[in-house]
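[1] Using only what follows, build the 3D model:
(2 chains)
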Amino acid sequence: MSKRIVSATINGEVNQFLVEPYDTLLEGLRNELGLIGSKEGCGNGNCGACNVIMNGELVNSCCVLGVEADGATITTIEGVAEGDSLHPLQRSFLKEAALQCGICTPGFIVAAKALLDAEPDADEARVRHWLAGNLCRCTGYDKIITAVLKAGDEMRQPAGSRQG
Amino acid sequence: MVTTDKPAYKVIGTRPIRPDGIDKVTGRAVYGADIRLPGMLSGQVKRSPHAHAIIKRINTEKALAFPGVRAVITAADFGAGDVAGLPDTSKNVLAGDKVLYRGHAIAAVAATTELIARQACDLIEVEYELLEPALDVREAMLPNAPILHPNMRTKTPTGPGEQPSNVVAHAAVAFGDVDKGFAESDVIVEREFKTKMVHQGYIEPQSSTAMWNEDGQLTVWSCTQGSFPARQAISAMLGHPVSKIKVVPTEIGGGFGGKIAVYLEPLAAMLSKQAGRPVQMTMDRVDVFEGTGPTPGTSIRAKLGATKDGKFRAMYADMAYENGAFAGSAANYATMCITAAYDIENVKFDAFDVVVNKPRTQDYRAPSSPAAAFAMEQLVDEMAEKLGMDVEALRMLNTCKEGTRGPMGMPHKAPGHEECVRQAMNSEHYKSPLEGPNRGRGTASGFWFNVGLRSSVSVTVQPDGTVSLIGGNTDIGGTRASLAMQLAETLGVPFEDVKPTVVDTDSVGYNDVTAGSRVTFASGMAVHEAGKNVIKEMTARLAPTWQVPAEEIEFADGSFKSKDGSKTGTFRDIAQAVVGRGVGLTASGSVNAGFLQGGGFAHAIVDVEVDPETGKVTILRYTAVQDAGTAIHPAYVEGQMQGGAVQGIGWALNEEYYYDDEGRMANSSYLDYRIPTTLDVPMIDTIIVEVPNPLHPFGVRGVGEPGIVPPLAAIANAVAHATGVRQTQLPMNPRRILETTSGQ
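    Numbering: from 1, shown residues only, chains lettered A, B, ... in the order given. Below you'll find the predicted structure:
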C-alpha cells in the first residue's frame, strides 16, 4: 500500500497531508499536521476526546479514515478560538472551572460548539443528551454542563452586548 | 459554603482562572502522547493472553528480523533475578518466568511505525505451560487454591506462615475487648459484603517517551503522577544512576492513583538504548484495562453492636482485599479507615491482602476506604432501622471528636466528621421530604488520610516584582492554581503576580507523587515556607537600603514596614528595588510532612428511584458534604467532591471487571465497562465544611479523595429504603437489583 494525499480545509486553511489508507483522521491530524489538541482516549468512538466538526457534523475523528476527509471542511479544537479571542465556550469552561485534568476538554468544547452553533437555546436535558458521547472522569460533569449552558446564554445575546 | 472562624484571607477562598487554563481549552497543552521527537520510533508491548501460566520459552528472532523493527526486549534484557527494592515492580513491568494475569507484559518492540511494532509483537513466539487461575479472593485463600508465588508465606502477627499461600499478609488489629463489647450490645447487625475490582478510568491512556543519548543521559517524558518516584524505578530497573535520568512530567489526563506505578517508562528507556533513537509507547484502552492496576475487589464480613439507646459498643470485620498479581497493602488501610468516623471503644479487625490472577492493583482515590465504608455505613443504616432512630442522629451520637482514638490509634485532632453530618442535617436536601413510589434516600460517611510525604519548591522574584513558583508535582486538577494562591497569600501579592510552572526532575528538589490528597496540603506547606524565606531574604537586602536593622523591619499584609513606621513599601515595590536593580533572588521550601497525616471526612445524601420492571437505579439528587479544612480554590474543591461522587456512583451502580472462568476480562472497553456519562448523573450539590487542619499553616486538608468514600454505601442505603432489600454486593446493576428484589 502507498500513502494517499488528503486535501482538506482545516480551521479555515487548505491543508494537504499524507496518510496510509488505514490511518484514521485523528492520526492524520495529530501526526501529519501536528494538531495534537484532539486526543485519543479509546480509539473506538466511546469517549469523544477526538471530536472534530467535519462538514458541519460532529464526528469522532478516530472513527473516520483520513482518506474520507479528502475535500472536507474540518474544525478542530485549535480552530475554535478566533484570533486571540477565546470562544464563549472556552471562556465559560475557564470561568466555571469545568476542567480538572483537561484531557477531555477539547472534545467537550468541540462537541458543545457543534450543539450551540445549531441550537444556542439548548436546555440542560438537551445538553446532557448531546454530550453523552463525551466521557469525563474528573468533574462529574456538573461544571461542564453549567459552563455549556452559560456559554449558550452568552451566545444568544446580540453581538454588540457580548462581553469580551 | 459553611465557614467556622477563619482569618481574613485575600486570595485564599477566591476563584481565579487557573494559570494553565488557556492551554487546556485551546488544545495546546502537551500530554503524554503529544510528545514529538525527530526520528521517534513506536513501541508496543506483547501481552499474555492467559491469566496464569509458566513461560517455557520466548523466541524473538522472527520479530527482530521483521523489516522496520529496531529493538525487541524481554525481561532478560534487564538482568537476571529481582531488581533490588523493586522485585514486584520489575516482574510486573515485564514477566520473567511466569505470567500472573491476562495482559501481563512479556516483551516489547520498537519499530518505525506502530503497525510494524504491533505486527512484530505477533511474531514473538511464547510457549506457555498453562496453570489454573485463582480468581476469587476467598477461594484464593483456601489451602488447595492455585498458588501464584510458590515462595510467598503469609505475614502474620506471629511470624510467617509455613505453607505457600496466596495470602500476602494477615493484619490483626484490636482495641478494647470486642467480645465484651458485643456482650454489652443490645442490638447486633452483621452481614457479608462483596465489591468487584474497578478501574480508575482516567481518559488519557499511559504514554511514555524515552531518549537515551550516547553518553548515557536518559530523558523520559511521561504522564506520570510522580516523576521523581518514576525516576527511581527506571534507575533501579535499568541499573542506571538517577543523576543520568531526567523525567519530564507532561500534562496528565487523569490518574486517581492509577498513574503512580511505572509500566512503560523502563521499557521505552531500554528500547531507546538498544535502538539508538527516541521511542514512544502509548497504551490503547484494552492495555489500560488489562495491563494497568485497578483497585481491589473485596469480601468483607462485618458486625456492629450497639446498646438499645444507640451507643456503638463493638465492631468486628474480616476483610479480604484482592491485591491482584502481586503483594499490596490495601486491607491494612481498610483497618484504619473503616471506623474512623466513630468513637467505638471495642474494635477488632482481621484484614487479608490476597493475590489473585488479575492485574496488580494500584491505588484508586482513597484506596481501600470506599469498600470498607460500603460495609460499615450499611451496618450503621441498618442499626438505625433496628433501633428506630434517625441514622444521622445515630451518627451524631457516635461521632468521633477531638481526642477520640483516630485511624492510626492516635487521638483525632480537629476531626470534621461531626460538622459534616451537622451540615448535612441542616441542608435543604435533607430537610426536603422525598416523595413518590420506588424512591429512597440514603446517607453515608467516609474518611481518607492526607498523605504528607516530601515536597520541594522554589520561588524566584522577578525584576518587575512578580514571582515565579517552580514545583515538581504534576498538575492533575488545578494545583498550579492552589499552590500559586497559597504563595500569593504568603507574599501578600495578587494571584496574577504568581506564575507557577511544573518542571522536570533536574530542576527542583525531590517531590513525591501527586496523590494521596497531598499536593495542596503538603506542597502548600513547602510553598508557604519558600514564601517566608523570600520575605526573609528581601528583608535582609532591604536593611542597608533603608538603613534600618533587619530585625526592625516587619512584613504584614503584603507590605514591608520599619518598626518606627517611617519607611514602608509593598512587596512589589520592594522587590523591584532589591531585585530589579540587583542580583537575582531565589528561595526554596522543602518539607517532609510525614506519611498518613490527619485527613478529611466526607458525607453524602442521595435520593434514588428504582425501576421495578428493569431494575435500573436512577440517581435523582445527590449532595456531597466534605471538610476541606480551608478551601483554597472553592470551585476546584467542589470539582473534587463532584468528581469523587460520580466515580462512586459508577462504582456503586455499574462498573466492574467482568471475568470469565479462565480469567479473561470480558468488558475491556469504555462501551462495555461503561463509566458514568452525562445522562447517568444529576447535578451534584456541594457543601464545603471548613474545620481548619491544625497541621497546615492555612488549615488546608487535602480534598482529592474522601468524596469517593460515601457514595457506595449511601446509594445502597437509598436502594434499601426504596425497595426494602439490602444490597450487599456491587455493582447494583439492573440484573442484581432484579435478582435481589424479585418477589418483593
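[2] Now the residue of chain A found nearest chain B. Nearest residue, chain neighbours left out?
    Chain B sits closest to A:Gly37 of chain A, with a gap of 1.9 Å, by CB to the nearest CB. C-beta coordinates here come from the backbone N, C-alpha and C atoms, glycine included. Computed as CB to CB, 6 or more residues apart in numbering or on different chains, the closest residue to A:Gly37 that is not its neighbour in sequence is B:Gly27, at 1.9 Å.
[3] ok, that neighbour touching A:Ile77?
    Yes - at 3.6 Å, B:Gly27 counts as touching A:Ile77 under the criterion of CB atoms under 8 Å.
[4] What is the neighbour count of the residue of chain A closest to chain B?
    For A:Gly37, the neighbour count with other CB atoms under 10 Å in any protein chain shown is 27.
[5] Quick check: neighbours shared by B:Gly27 and A:Ile77?
    Contact criterion CB atoms under 8 Å, 6 or more residues apart in numbering or on different chains; residues bridging B:Gly27 and A:Ile77 by contacting each: A:37-38, A:106.
[6] before we move on, back to that, more neighbours, B:Gly27 and A:Ile77?
    The neighbour comparison of B:Gly27 against A:Ile77 (other CB under 10 Å) goes to A:Ile77, with 28 against 24.
[7] quick one: that one and A:Ala112 touch, right?
    No - under the criterion of CB under 8 Å, A:Ile77 is not in contact with A:Ala112, lying 11.2 Å apart.
[8] On the three-state scheme, the residue of the stretch 401-550 of chain B found nearest chain A is what?
    Going by CB to the nearest CB, chain A is nearest to B:Gly477 of the stretch 401-550 of chain B, at 3.7 Å. Assigned with DSSP: H, G, I helix; E, B strand; the rest coil, B:Gly477 falls in the coil class.
[9] now it, nearest residue through space, not along the chain?
    Leaving aside its sequence neighbours, B:Gly477 sits nearest to A:Gln100 (CB to CB, 6+ apart; 3.7 Å).
[10] that older thread, state the distance from the residue of chain A closest to chain B to B:Val30.
    Here A:Gly37 is placed at a distance of 10 Å from B:Val30 (CB to CB, to the nearest Å).
[11] For B:Arg572, give me phi and psi.
    The main-chain torsion angles of B:Arg572 are listed as degrees, to the nearest 10 and equal phi -70, psi -40.
[12] List the residues that contact it.
    Contacts were defined as CB under 8 Å, 6+ apart; by that measure B:Arg572 touches B:464-466, B:493, B:497.
[13] Drop anything exposed from these.
    Neighbour-count burial (16 or more other CB atoms under 10 Å in any protein chain shown) applied to those gives B:465-466, B:493, B:497.
[14] Take those residues and lay them out in TSV including pLDDT.
    Compiled in TSV, the buried ones among the contacts of B:Arg572 are given as follows (pLDDT from 0 to 100):
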residue	pLDDT
B:Gly465	94
B:Thr466	97
B:Val493	97
B:Asp497	98
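[15] Which phi and psi values does the residue nearest to A:Gly37 adopt?
    Note on B:Gly27: its backbone torsions stand at phi 80, psi 10 [degrees, to the nearest 10].
[16] need the contact list for it.
    Remark: with contacts taken as CB under 8 Å, 6+ apart, B:Gly27 is in contact with A:35-38, A:76-78, A:106.
[17] The same query, at a cut-off of 7 Å, please.
    A:36-37, A:77-78, A:106 (CB atoms under 7 Å, 6 or more residues apart in numbering or on different chains).
[18] same check, this time on B:Ala120
    Contacts here follow CB under 7 Å, 6+ apart; on that basis B:Ala120 touches B:63, B:66, B:69, B:72, B:109, B:111.
[19] Helix or strand next in line after the longest helix seen in chain B, which one?
    Of all the segments of type helix in chain B, defined by DSSP state H, the longest one is helix B:524-546. The helix or strand immediately downstream of helix B:524-546 is strand B:553-556, counting by DSSP states H and E.
[20] Which neighbouring elements make contact with that following strand?
    helix B:524-546, strand B:559-562 (3 or more CB pairs under 7 Å, 6 or more residues apart in numbering or on different chains; DSSP states H and E).
[21] which one of the ones you listed lies closest to B:Glu662?
    Comparing the helices and strands packed on strand B:553-556 by their distance to B:Glu662 (CB to CB), the top pick is helix B:524-546, with 48.1 Å.
[22] Can you check the distance spanned by stretch B:201-218, start to finish?
    Start-to-end span of stretch B:201-218 (CA to CA, to the nearest Å) is 30 Å.
[23] Determine how far it lies from the middle of the whole chain.
    Between the mean C-alpha location of stretch B:201-218 and the chain-wide mean there is a distance of 22 Å, by CA atoms, centre = their mean, to the nearest Å.
[24] cool, stretch B:446-456 as well?
    Using CA atoms, centre = their mean, we find the averaged C-alpha position of stretch B:446-456 to lie 10 Å away from the chain's own average C-alpha position.
[25] Please put the alpha-carbon coordinates of that stretch into CSV.
    C-alpha atoms of stretch B:446-456 as CSV (Å, rounded to 0.1, in the frame of the first residue of the first chain):
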residue,chain,number,x,y,z
GLY,B,446,-16.3,8.3,54.8
PHE,B,447,-12.8,9.1,55.7
TRP,B,448,-9.4,9.3,54.0
PHE,B,449,-6.0,10.5,55.1
ASN,B,450,-3.9,13.3,53.9
VAL,B,451,-0.7,11.7,52.7
GLY,B,452,2.1,14.1,53.7
LEU,B,453,5.4,13.0,52.2
ARG,B,454,8.1,15.1,50.7
SER,B,455,7.7,18.3,48.6
SER,B,456,10.1,20.9,47.4
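[26] Out of the helices and strands packed on strand B:553-556, flag the one nearest B:Val247.
    Of all these, helix B:524-546 comes closest under CB to CB, at 19.2 Å.
[27] Which single one of the contacts of B:Gly27 is nearest to B:Lys616?
    Compare each of the contacts of B:Gly27 with B:Lys616 using CB to CB and the shortest gap goes to A:Pro106, at 31.9 Å.
[28] Okay, now the unreliable bits of chain B?
    Segments of chain B classed as low confidence (criterion: pLDDT under 70) are B:1-5, B:80-85, B:743-744.
[29] Which part of it gets nearest to chain A, residue-wise?
    B:Gly27 (1.9 Å).
[30] Distance of that residue relative to B:Glu190?
    Using CB to CB, one obtains 54 Å as the distance from B:Gly27 to B:Glu190.
[31] What of B:Ile300?
    Remark: distance between B:Ile300 and B:Glu190 (CB to CB) = 11 Å.
[32] Which of those two has more residues huddled nearby?
    Set B:Ile300 next to B:Glu190 and count neighbours by other CB under 10 Å: B:Ile300 wins out with 25 against 13.
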